[in-house]
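Chemist: Give me a 3D structure for the following:
(one chain, ligands or ions: 1)
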Amino acid sequence: MTANDWQPMMYQMYREIFRGKPMPFAYVDLDLLDANIQSILKRAQGTPIRVASKSVRCTAILKHIFGASTAFQGVMCYSALEAAHLSQHGFDDLLVAYPCWHEDHVAAACELIRAGKSVTLMVDSVEHIRHLDALAAEHGVMLPICLDIDLSIDFPGLHFGVWRSSIFGVDDALKVYDAAAASSCLRLEGIMGYEAQIAGLGDAGTGLRNRLIRLLKRRSIPQIVERRKAIVEALQARGVKLRFVNGGGTGSVESTIQEKVVTEVTVGSGFYAPGLFDHYQAFKHQPAAGFAIEIVRQPKVGIYTCLGGGYIASGSTDANKQPVPYLPEGAQLMTLEGAGEVQTPIVYQGAEKLALGDPIFLRHSKAGELCERFNSLYLIAQGKIVDQVPTYRGEGMSFL
Ligand SMILES: Cc1ncc(COP(=O)(O)O)c(C=O)c1O
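Modeler: Residues are numbered from 1 along each chain as shown. Here you go, the predicted structure:
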């Protein structure tokens, strides 16, 4: 069976499953999520996987993922308050992957440590070290920290990667490490390097842009390997015993796990597999999460206007940050209107008979941001709704 054969049935099946449910709503198809979990495990080839919770943002789904395999070890959190929230739900080994500065947030991390939890905060500068050391001293705890290594690559006229850490090489890393070693309340536990230009940049397709991206990726990888290795070895030469060396993301699993110094790979987006993750040459995950909007008017034959739908993803605001119409197959957004604040016209000329009150299924362009739009997710399996679980937002939690 080809995708063309099953997609009409998917629309009918989903429409039937959710018949009568008020729209808009969001859902996760557990059968597809489980398929993604299995393919992520296969891609990681036994390397422990740290789950990027920003790309999930639903406690029940995080529990489902961790329940599937012991290869899922530790959470990559996006704020100390989120780490505290997850800790209350029983999660541990919480790596807060972005700098934590406000004293209330640092206090939350210190409280977790006092309670015996494993929480690690991210640093990339001497200023971070001084600030955290002073606060950790006030709270009377030894605070585990992780060095964030910049893994972007500068090509002539192009900074290939993101702007995050100020640690570009061995000297920068040692400067921050030496400050940490001289501190009284900080302990270096790990290093993290996120090669965003490999992990977060789609490259499938024969067009010039994608061929160029693949070329730049190929050129970047040896430099990434070299930089990460050099920093790990320099720290080891200082006598540092690292608990973990973290790397990667959904889009870079294949290359990240090849690095001998890497002890764990991060994966988040691959579980829901949102629109932006349809375009990678190395893997294809299943569209496990989506949302439905209701057709409420029909201004013209072939145009179905739905209520809601304008859930635009963060980042540089290209058209690819819009949600992707998913079912029925062939449904499209209109270039001039896109997905709107309260209304979204959908162009559809396929075989499916659509009427007012019918759903159009779309997928968010990014993974976890879907959950910032909905209080709950319907969970479906084997053709029926099996549960409805709160998102972070539904739990009253909005961390960023
Ligand atoms: C530090 C870090 N690691 C890993 C990832 C990869 O996450 P995902 O698998 O959701 O793309 C991200 C995503 O932005 C990140 O910021």
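Chemist: what are the ranges of the helices in this protein?
Modeler: 3-17, 30-44, 59-68, 80-88, 103-114, 126-139, 170-182, 196-199, 208-237, 253-256, 269-272 (DSSP state H).
Chemist: Give the bridge partners for Thr267, please.
Modeler: That one is not Thr; residue 267 is Val. As for beta bridges, Val267 partners with Val51 under DSSP bridges.
Chemist: quick one: it and Gln88, what's the gap?
Modeler: Counting by C-beta to C-beta, to the nearest Å, the gap from Val267 to Gln88 is 24 Å. In this view, the C-beta of every residue, glycine as well, is placed from N, C-alpha and C.
Chemist: of those two, who's got more company?
Modeler: A side-by-side neighbour count of Val267 and Gln88, using other C-beta atoms under 10 Å, places Val267 first with 29 against 10.
Chemist: Thought Val51 was touching the more buried one, still the case?
Modeler: Yes: under the criterion of C-beta atoms under 8 Å, Val267 lies in contact with Val51, with a separation of 6.6 Å.
Chemist: Buried ones in stretch 231-245, by neighbour count?
Modeler: 231-232, 234-235, 240, 242, 244-245 (16 or more other C-beta atoms under 10 Å).
Chemist: what's the span of that stretch, first residue to last?
Modeler: End-to-end distance for stretch 231-245, by C-alpha to C-alpha, to the nearest Å: 11 Å.
Chemist: So is stretch 78-91 next to the ligand?
Modeler: No: Stretch 78-91 lies out of reach of the ligand by C-beta under 6 Å from any ligand atom, never closer than 7.9 Å.
Chemist: contacting residues around the residue nearest in space to the middle of the chain?
Modeler: Among the residues of the chain, the smallest C-alpha distance to the mean C-alpha position (C-alpha atoms, centre = their mean) belongs to Ser55, namely 3.1 Å. When contacts are counted by C-beta atoms under 8 Å, 6 or more residues apart in numbering, Ser55 is found next to 250, 268-269, 271-272, 366-368.
Chemist: ok so, going back, of the helices of the chain, flag the one that's most buried.
Modeler: Of the helices of the chain, the one with the most neighbours on average (mean count of other C-beta atoms under 10 Å) is helix 269-272, at a mean of 28.
Chemist: near the ligand at all, that one?
Modeler: Yes: residues of helix 269-272 contacting the ligand under C-beta under 6 Å from any ligand atom: 269-270.
Chemist: In CSV, could you pull the C-alpha coordinates for that helix?
Modeler: What follows is helix 269-272, C-alpha atoms only, in CSV (Å, rounded to 0.1, in the frame of the first residue of the first chain):
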residue,chain,number,x,y,z
SER,A,269,11.1,16.5,18.2
GLY,A,270,11.3,13.0,16.7
PHE,A,271,8.5,11.8,19.0
TYR,A,272,5.7,14.0,17.7
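Chemist: What lies in contact with that helix?
Modeler: 28, 33, 36-37, 39-40, 51-52, 55-56, 61, 65, 249-251, 253, 276-277, 283, 285, 288-289, 364, 366-368, 370.
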